[in-house]
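*Asks:* got a sequence here, can you model it:
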Amino acid sequence: MGLDQYAWVGRTPSDDAPEDFYWRKHARLQQFMEDLWREKGCEGELNCSNLDLTEADLLALQDAVGKGYSDHFCEGGFFWGHQFQEEAVQEYKDEDERFVTAALEAVREGKPVVYSCWY
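*Replies:* The predicted model follows:
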């Protein structure tokens, strides 16, 4: 049991569409997305919901990745893997950068980018 995170780039999620990006217990990425969820005024929990990402969101994520998510420390969330969040930041750095690059290209072409999670 734990946090599973998904992103679809250039398309929307559907039952027959596997994710383009997948992370497992990346607590700082989740904290970033949770903060973004609240900033956008979304109702309820991000858990099992879809979060549409804009160019501005992705540029903010690019900055967060570059800073090692230093502004998005996860205080808790046992199922998020908060106890090894520093290791996850390093482990997923290349994948995070690859995601941001692909996602920015997609949104600049007018295509959707969607983040979702389950915990």
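*Asks:* which residues of this structure fall in helices?
*Replies:* For the chain, the helices defined by DSSP state H cover 27-39, 55-66, 85-91, 93-108.
*Asks:* quick one: the shortest one to chain centroid distance?
*Replies:* Distance of helix 85-91 from the chain centroid (C-alpha atoms, centre = their mean, to the nearest Å) equals 14 Å.
*Asks:* now do stretch 13-21
*Replies:* On C-alpha atoms, centre = their mean, the centre of stretch 13-21 falls 15 Å from that of its chain.
*Asks:* and that stretch, what's buried?
*Replies:* For stretch 13-21, a neighbour-count test (16 or more other C-beta atoms under 10 Å) marks 13, 19, 20, 21 as buried. Every C-beta, even on glycine, is put in place using the N, C-alpha and C of the backbone.
*Asks:* in strands only, show me these.
*Replies:* residue 21 (DSSP state E).
*Asks:* could you dump the buried residues of stretch 13-21 into JSON lines with pLDDT and distance to residue 115 added?
*Replies:* Shown next, in JSON lines, are those (pLDDT from 0 to 100; distance: C-beta to C-beta, whole Å):
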{"residue": "13", "pLDDT": "92", "distance to residue 115": "10"}
{"residue": "19", "pLDDT": "90", "distance to residue 115": "10"}
{"residue": "20", "pLDDT": "95", "distance to residue 115": "11"}
{"residue": "21", "pLDDT": "98", "distance to residue 115": "9"}
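*Asks:* could you identify the most distant pair in the buried residues of stretch 13-21?
*Replies:* Using C-beta to C-beta, the pair of the buried residues of stretch 13-21 lying farthest apart is 13 and 21, separated by 11.7 Å.
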